[in-house]
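**Student:** coordinates only, no sequence provided:
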């Protein structure tokens, strides 16, 4: 059986919008993911959807400009518009989102150390919030591969 799983690291390019849907919540946002193609730096934008308790957690914690790691699955929607044209839309349905860097106002993004969104088993909605730290890492004297 094929597996539909994606991992993306990118920049949140919109504020997170939280809205109630029936008996749950939906949080939506846009995410910019950069990559190299034929030696050129380029970017693509993805819609992300976060559902349930994790939606509220994300809306309270994340902001436009944060760099996040997203795990989820691709979701395709198709519909016919008023003119009879078939339209297609894709989104990432998030199963886990980790905040990697926060962008303070008027400055560059800053690392957060080990700070994660709740890890949740989406089949049960159960999970725990890992310990969050803002420890700085001293990289002076280290040879980095980039």
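**Tutor:** Great, that's in hand. Being a predicted model, the structure only gives us computed values, none of them experimental. Numbers count the residues shown, from 1 in each chain.
**Student:** helices and strands around whichever strand in the chain runs longest, which ones?
**Tutor:** Scanning the chain for the strand with the most residues, using DSSP state E, yields strand 86-102. Helices and strands touching strand 86-102, by 3 or more C-beta pairs under 8 Å, 6 or more residues apart in numbering; DSSP states H and E, are strand 6-12, strand 40-51, helix 53-61, strand 67-80, strand 110-111, strand 119-121. Quick note: C-beta positions are derived from backbone N, CA and C, even for glycine.
**Student:** okay, angle between it and strand 6-12 too, please.
**Tutor:** Strand 86-102 and strand 6-12 are oriented at 70 degrees to each other (axes from the mean of the first three to the mean of the last three C-alpha atoms, to 10 degrees).
**Student:** ok, back up a step: can you put the helices and strands packed on strand 86-102 in a markdown table and add mean neighbour count, mean pLDDT and distance to residue 34?
**Tutor:** Listed next are the helices and strands packed on strand 86-102 as a markdown table, based on neighbours: other C-beta atoms under 10 Å; pLDDT from 0 to 100; distance: least, C-beta to C-beta, whole Å:
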| stretch | mean neighbour count | mean pLDDT | distance to residue 34 |
| --- | --- | --- | --- |
| strand 6-12 | 17 | 94 | 7 |
| strand 40-51 | 15 | 93 | 5 |
| helix 53-61 | 18 | 93 | 21 |
| strand 67-80 | 14 | 94 | 11 |
| strand 110-111 | 12 | 52 | 18 |
| strand 119-121 | 13 | 45 | 26 |
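**Student:** residue 99 is nearest to which of these?
**Tutor:** Evaluated with C-beta to C-beta, the helices and strands packed on strand 86-102 place strand 67-80 nearest to residue 99, the distance being 5.5 Å.
**Student:** and the helices and strands packed on strand 86-102 as JSON lines, adding distance to residue 27?
**Tutor:** Shown next, in JSON lines, are those (distance: least, C-beta to C-beta, whole Å):
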{"stretch": "strand 6-12", "distance to residue 27": "11"}
{"stretch": "strand 40-51", "distance to residue 27": "4"}
{"stretch": "helix 53-61", "distance to residue 27": "4"}
{"stretch": "strand 67-80", "distance to residue 27": "12"}
{"stretch": "strand 110-111", "distance to residue 27": "23"}
{"stretch": "strand 119-121", "distance to residue 27": "13"}
